[in-house]
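Peer 1: Attaching a predicted model along with its sequence, questions to come.
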Amino acid sequence: MAWTLDIKGLTQPFSALGHSARKPHTLDYPRRPTPPAKGYRGFHVNNLDTCAGCGNCQDICMNEAIDMIQVDDDINPKNASGLIPRIDYGRCCWCGLCIDVCGPDSLAFETDYIYVSPDPNSFLYLPKKRADEAGADGEAPQQP
Amino acid sequence: MSDTIRIFQGPQHPGVTGNMSLELELDGETIVTAITHVGYLHRGFEKLIERRTVLQAFTIVCRICVPEPDPYEDTFARGVEALAGLEISERAAQLRVLTLELARLQAHLLWMAGQGASIGLEIVPQWAIGDRDYILELFEQISGARVYHMYIYPGGVRRDLPAGLPERLLEVLEMIEQRLPAYDRVFFGNAAVRKRLQGVGIVDAAEALRHGYAGPVLRGCGIPRDVRRDAPYLIYDQLAFDIPTASGGDAWARAQVRRAEMVQSIRIMRQVIDRLVPGEIQCRLPKHRKFKIPRGETYVQSESARGAFGFYMVGDESEYLRRMQVRGPSTVHAFTLLERMLVGAQLSDVALIMNSLGICPPEIER
């Protein structure tokens, strides 16, 4: 293809140098963590006072990440099965369907999302913190 | 002794657009034959969906294409709605269009980053990825997730817009609109970029029509085809927007088309925000296990940033889809088009051409 001299096209890319004097708009240094948005899908929380042990969350989980297990904690006396959900975070995809189908609205997301452990078994997460204790500000998606 | 050498570009290579491989036979720097190899990313989505209820399956479809998952969610949802006879509210349709156009905008920014990186213009990926992050923040506020949103649901959408989001969205749109001239100076108006992209990866208009190419590849040949205009879905028929085209059929023409589409997406989103109506965001759905899909079949289409794609879906009165087949533009672009286009091209153009075609390997290996 024939070369045609394009003075403007050759010089205007250097205007990018003007950005070197601007304040960065990405990460600050020293780094400040960015708070997650309200409603971010972080860890699950389960209000044991209201969890009915129905197992709807286990049934709808498409990754089979939820097991219903027995615990020693105080649970809702009306819990039909005496079981509460335990979530395998190695399988969970954070779709939130379990929260959609939770009849008593006991299951919710909180916005915390960082967890590091060398123990793989610790990723079998038991969301038993009460929503008020956890300070959960996540908004559960609307019920289908 | 052969005069040519055979090398693999990919699957682990910064110049390929995903986990796929190109087997190239080279005579010096010139490609003599090119063979596309896939199989590194097969996750069996179509089969997985056949073994999950439709409410479970919607969490899978977004994973078919990483850079732009929302059109897949919407197409799947519209397919289920067509089979099950569901109608969504006007507000849900508006929120879907808002999400889809936001996804298109961020996909084009991501393309720009890839295209800049493929020709060694590293400033463009730095800018584009940074600007795209503002859109991901909006997605985080809208859906609670940044990349796989799992937001568009059979029957509507899963959450309403949080308070203040339309205002924040307008701010981000204005910011991106003001940034576009800076991209013009560095990328679209850059003589070196134009020289690098012009005449590379040329597609003939008649061939594009004959083989079913889509999206910017087709519109870069001057053919104004767009599913949003040709077979309108959601509320696209009520919105004013243009179908940008360019002539030449080369990588430069496709870049021009995408640049113009970003402006059109911003235009569409502003219209939707102006027209937002209050109302329900979901229609009433049966319970999870009682949501049976009536016997029947449908084919639903969408326009993504990479082009037109469709789902063929069949119901058989059970809670599972009997069959769902994905027809994505990347399959055609990666086999029919890329293998022939690379013959005679230079080795250094491979990454450029792949980015320009918008090939998405997860879409090929669904």
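Peer 2: That came in fine, so what should we check first? The structure displayed is predicted, hence computed values, not measured ones.

Peer 1: Quick check: residue B:185 touching residue A:10?
Peer 2: No: the criterion here is Cβ atoms under 8 Å, and residue B:185 misses it with residue A:10 at 11.5 Å. Yep, even glycine has a C-beta here, placed from its N, CA and C like the rest.

Peer 1: Which one of those two is surrounded by more residues?
Peer 2: residue B:185 (19 against 12; other Cβ atoms under 10 Å in any protein chain shown).

Peer 1: Quick check: which ranges of the chain have low pLDDT?
Peer 2: All of this refers to chain A. A:1-3, A:129-144 (pLDDT under 70).

Peer 1: Chain B was what I was after
Peer 2: B:1.

Peer 1: per-domain residue ranges of it.
Peer 2: Here the domain parsing of chain B from automatic domain parsing is B:1-41+B:328-366, B:42-327.

Peer 1: quick one, what contacts the residue positioned nearest the centre of chain A?
Peer 2: Computing the C-alpha centroid of chain A and ranking residues by Cα atoms, centre = their mean puts residue A:42 first, at 2.1 Å. Residue A:42 is in contact with A:36, A:109-113, A:138, counting by Cβ atoms under 8 Å, 6 or more residues apart in numbering or on different chains.

Peer 1: wait, which of the domains of chain B is closest to chain A?
Peer 2: domain B:42-327 (3.0 Å; Cβ to the nearest Cβ).

Peer 1: how about the closest one, does it reach chain A?
Peer 2: Yes: residues of domain B:42-327 are located near chain A by Cβ under 8 Å from any Cβ of the partner chain, namely B:52, B:55-57, B:59-60, B:123, B:130, B:133, B:137, B:140-141, B:144-145, B:148, B:150, B:153, B:155, B:158-160, B:162, B:182, B:185-186, B:189-192, B:194-195, B:198-199, B:281-282, B:285, B:288-289.

Peer 1: Residue A:74: what's it in contact with?
Peer 2: Counted by Cβ under 8 Å, 6+ apart, residue A:74 has contacts residue A:48.

Peer 1: same thing but 10 Å
Peer 2: A:48-49 (Cβ atoms under 10 Å, 6 or more residues apart in numbering or on different chains).

Peer 1: Quick check: it vs residue A:45, distance?
Peer 2: Distance check for residue A:74 against residue A:45: by Cβ to Cβ, to the nearest Å, it reads 16 Å.

Peer 1: Please check the residues of domain B:42-327 next to chain A and keep the buried ones.
Peer 2: Burial by neighbour count, 16 or more other Cβ atoms under 10 Å in any protein chain shown: within the residues of domain B:42-327 next to chain A this picks out B:52, B:55-57, B:59-60, B:130, B:133, B:137, B:140-141, B:144-145, B:148, B:150, B:153, B:155, B:158-160, B:185-186, B:189-191, B:194-195, B:281-282, B:285, B:288.

Peer 1: These in strands, which ones?
Peer 2: Counted as lying in strands by DSSP state E, out of these, are residue B:153.

Peer 1: give the contact list for the closest residue to chain B within chain A.
Peer 2: Of all residues in chain A, residue A:9 sits closest to chain B, at 3.0 Å by Cβ to the nearest Cβ. Neighbouring residues of residue A:9 by Cβ under 10 Å, 6+ apart: B:185, B:188-195.

Peer 1: Residue B:62 too?
Peer 2: Counted by Cβ under 10 Å, 6+ apart, residue B:62 has contacts A:93, A:95, B:68-74, B:76, B:145, B:147-152.

Peer 1: Just say helix, strand or coil for it.
Peer 2: Three-state assignment for residue B:62 (DSSP: H, G, I helix; E, B strand; the rest coil): helix.

Peer 1: Excluding chain neighbours, what is closest to it?
Peer 2: residue B:69 (3.6 Å; Cβ to Cβ, 6 or more residues apart in numbering or on different chains).

Peer 1: wait, that neighbour sits on residue B:102?
Peer 2: No: in this structure residue B:69 lies outside contact range of residue B:102 using Cβ atoms under 10 Å: 11.8 Å.

Peer 1: Next, show the common contact partners of these two.
Peer 2: residue B:149.

Peer 1: which residues in the stretch 251-366 of chain B form helices?
Peer 2: Using DSSP state H, counting those that start in this stretch, the helices of the stretch 251-366 of chain B run over residues B:251-275, B:329-332, B:338-341, B:350-357, B:361-364.

Peer 1: Could you dump the ones you listed into TSV with mean neighbour count added?
Peer 2: Listed next are the helices of the stretch 251-366 of chain B as TSV, based on neighbours: other Cβ atoms under 10 Å in any protein chain shown:
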stretch	mean neighbour count
helix B:251-275	21
helix B:329-332	24
helix B:338-341	18
helix B:350-357	25
helix B:361-364	24
